[in-house]
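# Pasted the sequence and its predicted model underneath.
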Amino acid sequence: MANEPESPDERRRKRRYLVGLPARIIFGEETVIGRLQDVCRDAAFVEAERWFPLESEVALSMDLPGVDEAVHANGTVIRLAPGALGRHGMAVLFKGLSDADETRIDRFISQQD
């Protein structure tokens, strides 16, 4: 029906790729080791022991399989969701990725397809 809201899956523009690897989440002076659950060209979903507030500016550092260097991405927390085993999930929308980090993400994605 035309009046029904879109589901979260329908709103996503990019295909997500499951990862399940450690990632560092930096918020101000605080660094938390979390778990990168999935990544796409413009966002990532991470789980950690705590949440950072919606609209928080964070940095992620993640080692993607098959990519020569870590990806360093700045972004904004756009969604909070319960994670597995009592952890806290956060969707982070990337902003201003460097060309090198875009290439690293693209390389990882191309290996998944």
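Happy to help now that I have it.
# ok, then the element right after the helix or strand encompassing residue 38?
Taking DSSP states H and E as the criterion, residue 38 maps to strand 30-39. Next along the chain after strand 30-39, taking DSSP H and E as the criterion, comes strand 43-48.
# relative to strand 30-39, how tilted is that next one?
130 degrees (axes from the mean of the first three to the mean of the last three C-alpha atoms, to 10 degrees).
# Give me the contacts around strand 43-48.
14, 16, 23, 25, 32-39, 60, 62, 73, 75, 78, 81, 83-84, 87-94 (C-beta atoms under 8 Å, 6 or more residues apart in numbering). Where you see a C-beta, it was placed from the backbone N, CA and C, and this is true even at glycine.
# Partner strands of that strand and their direction?
When pairing is defined by DSSP bridges, strand 43-48 lines up against strand 30-39 (antiparallel), strand 88-94 (antiparallel).
# For these, state which one has the densest average packing.
strand 88-94 (a mean of 20; mean count of other C-beta atoms under 10 Å).
# buried ones in stretch 63-81?
Buried positions in stretch 63-81, judged by neighbour count with 16 or more other C-beta atoms under 10 Å: 63-64, 67, 71-75, 77.
# Which members of the residues you listed are the farthest-apart pair?
In these, two members sit farther apart than any others by C-beta to C-beta. They are 67 and 77, at 23.7 Å.
# Where does the prediction get shaky in the chain?
Scanning the chain for pLDDT under 70 picks out 1-13.
# hey, which helix is longest across it?
helix 99-112 (DSSP state H).
# Who does the residue most central in space within the chain form a beta bridge with?
Most central in the chain under C-alpha atoms, centre = their mean is residue 44, positioned 1.4 Å from the mean C-alpha point. For residue 44, the beta-bridge partners under DSSP bridges are residue 39, residue 92.
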